[in-house]
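Visitor: A structural model of the following input is requested.
(chains A and B)
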Number of protein chains: 2
Amino acid sequence: MPETELVRRLFAADRLAVAKAISSVENQDERHLDLLNSIQSRLGNAYRVGITGPPGAGKSTLVSKLAKSLNDTGSRVGIIAVDPTSPFTGGALLGDRVRMMELSSRAGIFVRSMATRGSLGGLSKTTQLAADVLDAAGYDFVFLETVGVGQSELDIVEAADTTIVVLTPESGDSVQAMKAGLMEIADLFVLNKADRPGVDQSYNAILTMLQISGGEIGRHADADSWTPFVVKTVASEGRGIDEVSKAVDKHRRYLTDTHKLILKRRDRARRIVLDIVEENLQKKFWTEERLSKLEDRLELVLTNKLSAIQLAEELTKD
Amino acid sequence: MPETELVRRLFAADRLAVAKAISSVENQDERHLDLLNSIQSRLGNAYRVGITGPPGAGKSTLVSKLAKSLNDTGSRVGIIAVDPTSPFTGGALLGDRVRMMELSSRAGIFVRSMATRGSLGGLSKTTQLAADVLDAAGYDFVFLETVGVGQSELDIVEAADTTIVVLTPESGDSVQAMKAGLMEIADLFVLNKADRPGVDQSYNAILTMLQISGGEIGRHADADSWTPFVVKTVASEGRGIDEVSKAVDKHRRYLTDTHKLILKRRDRARRIVLDIVEENLQKKFWTEERLSKLEDRLELVLTNKLSAIQLAEELTKD
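Guide: Okay, here's the model as predicted:
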């Protein structure tokens, strides 16, 4: 369909148009720039929630239940599930995705799965722009879900308004998460599979870590500060889902009241502009002439007469 | 120590100088460019082996045993172990690293651990340049080891001369690996923990996948083609280590005989030049004036009067 027709239908929340528009952004096809410019006027209403955690923590189940629950009370929910590059993310992944896609049968829920390997442009940029499409189509919430592996995957959830880190009582997840600095990105911890042994221990471990890091990084230093909640859930049985919704809502109100939401969105917009500037600079720079100069001079690098750094300097000096 | 002294000692394989030089590259300190230019004349002798696979596959153990074995026969071995961003890579990681660091007590083995989170510049670039330092210091082999999660982690091992993918008979690793395209990057599969149940099944699964993909992607289309080996090991007991060494050697001879080694190295050099050009372009572009224009105009993006793309175009048009 022509672009104006696509945009018109997208604003009317036509599912096919939403799917086509996201594909356009994902593949960076010839109309994606016009499309993104056209939807700009409609952005800013969707609330974005990032969800990450280890393989098998139950992220997809949690997202599904949250989406249904929000949809039951009248909200429209978009979900972008990012499948990581890695093959090693647990065998249940495919099954989870299939179950999640079933949600799409609901009129008010849209689910999109994205692969990270070989994504054009930055992964974080692509997912944020796909979230923009859902925003423009009038979805009230956009969930961005990805397994917590690799910097680019973490960038996705960090760019959300509220970031949820999902852990389980098993395998020392909580301690590992703390060590790796997930502490700084989590606005909310969900301790899923809370019917399993060791839940109290994990719960207390997270609280202790929060207190320690609170002391260190000054979370409690001013009245404007936010201390992450820890919510216990058994997502597969729907237990604790309302509490998670309420905690997200609380964080949202906190961000709004302290005017931090606008700062978050400014950061997100800035990052996208920086990404696109980078792409533009590359495109402009690599003329046929420079590409062939690069190939010529690479010989000198391979024969150790020139370093890669010197060649790069030579190419960029004018 | 002054740079000329550092370089002199580096060429003499002084361990402290090697460590300092890698830190310089990792932190991009003020002398790292001069340093990299100075070592260019000594590059190209080290053979680079990338090793990846799922958490718990025994990569560190395999690398340790390979390094010892090569060192026993007179080779000097450098190891760069890249710890991924993710916290979810198995609890044994730390113990493995400690054991690996013990290798450093051998005069002919140098071990360096690098963290991925927050690395300056591209991770792949940094590790390749650290490998250059080891190359210049006269190490015969450089192992680049990282868990197979995330695109940037895979980029590291793909840039090696020979890439080894380590799998185990457990948890359907082999099938997952095939699905995710590790097929294309592996020159050699190591099926570790081959004393565990299911090893024959996994072995056959890998072979079948190799045949299927061979048919599909034309690996057997010409006499110059390489079909990845599958080697069974029990690395913890040292079983199969010699076979892995021999397979690496075979692949090395294949690359040399078919003149593909020089092509690989050309690709690697090209990628590093591209990365540095990108950095240079960014540095040159973001003047104070442009940064403040970005901040000013971001207001318009947040109020939906301008899209991120339009702002990026505006900034890059002249």
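Visitor: drop to CA atoms for contacts and neighbour counts, all remaining ones
Guide: Fine.
Visitor: other SSEs contacting the one helix or strand A:Ser38 maps to?
Guide: When secondary structure is defined by DSSP states H and E, A:Ser38 falls within helix A:32-39. For helix A:32-39, the helices and strands in contact under the criterion 3 or more Cα pairs under 8 Å, 6 or more residues apart in numbering or on different chains; DSSP states H and E are helix A:3-11, helix A:15-27, helix A:123-136, helix B:308-316.
Visitor: for the stretch 51-200 of chain A, what spans make up the helices?
Guide: Assignment of helices within the stretch 51-200 of chain A using DSSP state H, counting those that start in this stretch yields the ranges A:59-72, A:93-102, A:123-136, A:151-158, A:173-179, A:182-185, A:199-217.
Visitor: quick check: next helix or strand after the longest one?
Guide: Read it as helix A:199-217. strand A:229-232.
Visitor: so what strands line up beside that next one?
Guide: According to DSSP bridges, the neighbouring strands of strand A:229-232, each with its direction, are strand A:188-191 (parallel).
Visitor: how far off helix A:3-11 does the helix holding A:Ser38 point, in degrees?
Guide: Using axes from the mean of the first three to the mean of the last three Cα atoms, to 10 degrees, the direction of helix A:32-39 lies 50 degrees away from that of helix A:3-11.
Visitor: on that earlier part again, can you say which of the helices and strands packed on helix A:32-39 is packed in most?
Guide: Burial among the helices and strands packed on helix A:32-39, expressed as mean neighbours by mean count of other Cα atoms under 10 Å in any protein chain shown, is greatest for helix A:123-136, which shows a mean of 24.
Visitor: near chain B, anything from that helix?
Guide: No. On the criterion Cα under 8 Å from any Cα of the partner chain, helix A:123-136 is out of touch with chain B, staying 9.9 Å away.
Visitor: helices and strands around that helix, which ones?
Guide: Using 3+ Cα pairs under 8 Å, 6+ apart as the contact definition, the elements that helix A:123-136 packs against are helix A:15-27, helix A:32-39, strand A:77-83, strand A:141-146, helix A:151-158.
Visitor: so which elements touch the fourth one?
Guide: The elements that strand A:141-146 packs onto, with contact taken as 3+ Cα pairs under 8 Å, 6+ apart, are strand A:47-52, helix A:59-72, strand A:77-83, helix A:123-136, helix A:151-158.
Visitor: got the angle between the third one and helix A:123-136?
Guide: Translated: strand A:77-83. Calculated by the same axes, to 10 degrees, strand A:77-83 forms an angle of 160 degrees with helix A:123-136.
Visitor: how much space between A:Ala235 and A:Met100?
Guide: Here the criterion is Cα to Cα, to the nearest Å. By it, A:Ala235 lies 13 Å from A:Met100.
Visitor: which residues are in contact with both of these two?
Guide: When contacts are counted by Cα atoms under 8 Å, 6 or more residues apart in numbering or on different chains, the set common to A:Ala235 and A:Met100 consists of A:Thr61.
Visitor: neighbour-wise, which of the two wins?
Guide: Per other Cα atoms under 10 Å in any protein chain shown, whichever of A:Ala235 and A:Met100 has more neighbours is A:Ala235, with 24 against 21.
Visitor: re the thing from before, check the helices of the stretch 51-200 of chain A for me: which has the lowest mean pLDDT.
Guide: Taking the mean pLDDT of each of those, the lowest value is held by helix A:173-179, a mean of 56.
Visitor: run the chain-centre distance for the helix or strand containing A:Lys246.
Guide: Under the criterion DSSP H and E, the helix or strand holding A:Lys246 is helix A:241-257. On the basis of Cα atoms, centre = their mean, to the nearest Å, helix A:241-257 is displaced by 18 Å from the centre of the chain it belongs to.
Visitor: quick check, that helix touching chain B?
Guide: No. Contact of helix A:241-257 with chain B is not found when judged by Cα under 8 Å from any Cα; the minimum separation is 14.9 Å.
Visitor: that helix vs strand A:47-52, what angle?
Guide: With the same axes, to 10 degrees applied, the angle from helix A:241-257 to strand A:47-52 works out at 120 degrees.
Visitor: tell me which residues of helix A:241-257 come out buried.
Guide: If you call a residue buried by 16 or more other Cα atoms under 10 Å in any protein chain shown, then helix A:241-257 has these buried ones: A:Ile241, A:Val244, A:Ala247, A:Val248, A:His251, A:Arg252, A:Tyr254, A:Leu255.
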